[in-house]
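Colleague: After the sequence you'll find the predicted model.
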Amino acid sequence: MGAWVSSMDGRERPTGLGDLPESCVAEVLVRLDPPEIGRFARLSRTFRAAASADFVWEAKLPANYRYLMEKAPGEESSKHGFGPREIFAKLCRPNRFDADTKEFWLEKYTGGFCMLISSKALTITGINDQRYWNYIPTNESSIEFVAVYQYSWIDIRQIIWFLIVICGT
């Protein structure tokens, strides 16, 4: 038993997902994770239009996304022209700051905040003393060098002044 709808020319045709109102589809998409939204956007024009609605992507952004965008590198003029979808995409890519010694990004499935800190950004006893440390170049990390400590004791201190807002879903 399928549903049928009359078209303008008087003929009846079966209804499908594309006949759902865009606002209803968008309400469903808000409850999905971003990769799922992308997959559903390929179903039909209605789903594609609903997936590009600002309120769908605003729900995926952390409360402090404006602060994070200020930290993210890039041309200032282009950052202000971004919509919520583009902001989410930008924040999901690695964003380096503090002379490329720190990096942050959002995890695209959960929107969780991630941060990577280079050993060069830490205050470590004897960090510049070659008797204690070796810096080995690596291609396996987004940071160019891995610090290898050669002795058994270590004292690391770092204060990170970074606004992190944690909110439950």
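Modeller: Yes, it's here.
Colleague: Can you name the element that comes right after the helix or strand of the chain with the lowest mean pLDDT?
Modeller: Taking mean pLDDT, DSSP states H and E as the measure, the helix or strand of the chain with the lowest value is helix 76-79, at a mean of 51. Next helix or strand after helix 76-79 toward the C-terminus (DSSP states H and E): helix 84-92.
Colleague: Centre of the chain to that following helix, how far?
Modeller: 6 Å (Cα atoms, centre = their mean, to the nearest Å).
Colleague: Buried residues of it, list them for me.
Modeller: When neighbours are counted by 16 or more other Cβ atoms under 10 Å, the buried residues of helix 84-92 are found to be 84-85, 87-88, 90-92. Quick note: C-beta positions are derived from backbone N, CA and C, even for glycine.
Colleague: Stretch 98-116 now?
Modeller: For stretch 98-116, the buried set under the neighbour-count rule, 16+ other Cβ under 10 Å, comprises 102-106, 108, 111, 113.
Colleague: Let me see the mean pLDDT of stretch 20-36.
Modeller: Across stretch 20-36, the average pLDDT comes to 90.
Colleague: With stretch 49-60 instead?
Modeller: 93.
Colleague: residues making contact with that stretch?
Modeller: Stretch 49-60 is contacted by residues 22-23, 25-26, 29-30, 34, 37-38, 40-41, 83-85, 87-88, 111 when judged by Cβ atoms under 8 Å, 6 or more residues apart in numbering.
Colleague: let's go with 6 Å and repeat that
Modeller: The contact list for stretch 49-60 (Cβ atoms under 6 Å, 6 or more residues apart in numbering) reads 22, 25-26, 29-30, 34, 37, 41, 84-85, 88, 111.
Colleague: Could you pick out which of the residues you listed are located in helices?
Modeller: Using DSSP state H, 22, 25-26, 29, 34, 37, 41, 84-85, 88 are the members of the contacts of stretch 49-60 that sit in helices.
Colleague: Strands along this protein, start to end?
Modeller: Applying DSSP state E to the chain gives strands spanning 4-6, 12-14, 95-97, 102-106, 113-117, 123-124, 133-137, 145-149, 156-157.
Colleague: Now the fifth one - C-alpha only, PDB.
Modeller: It stands for strand 113-117. As requested, C-alpha coordinates have been extracted for strand 113-117 and formatted as PDB (Å, rounded to 0.1, in the frame of the first residue of the first chain):
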ATOM      1  CA  PHE A 113      37.900  19.100  21.000                       C
ATOM      2  CA  CYS A 114      41.400  17.700  20.400                       C
ATOM      3  CA  MET A 115      44.700  19.300  20.900                       C
ATOM      4  CA  LEU A 116      48.300  18.400  20.100                       C
ATOM      5  CA  ILE A 117      51.200  20.100  21.800                       C
END
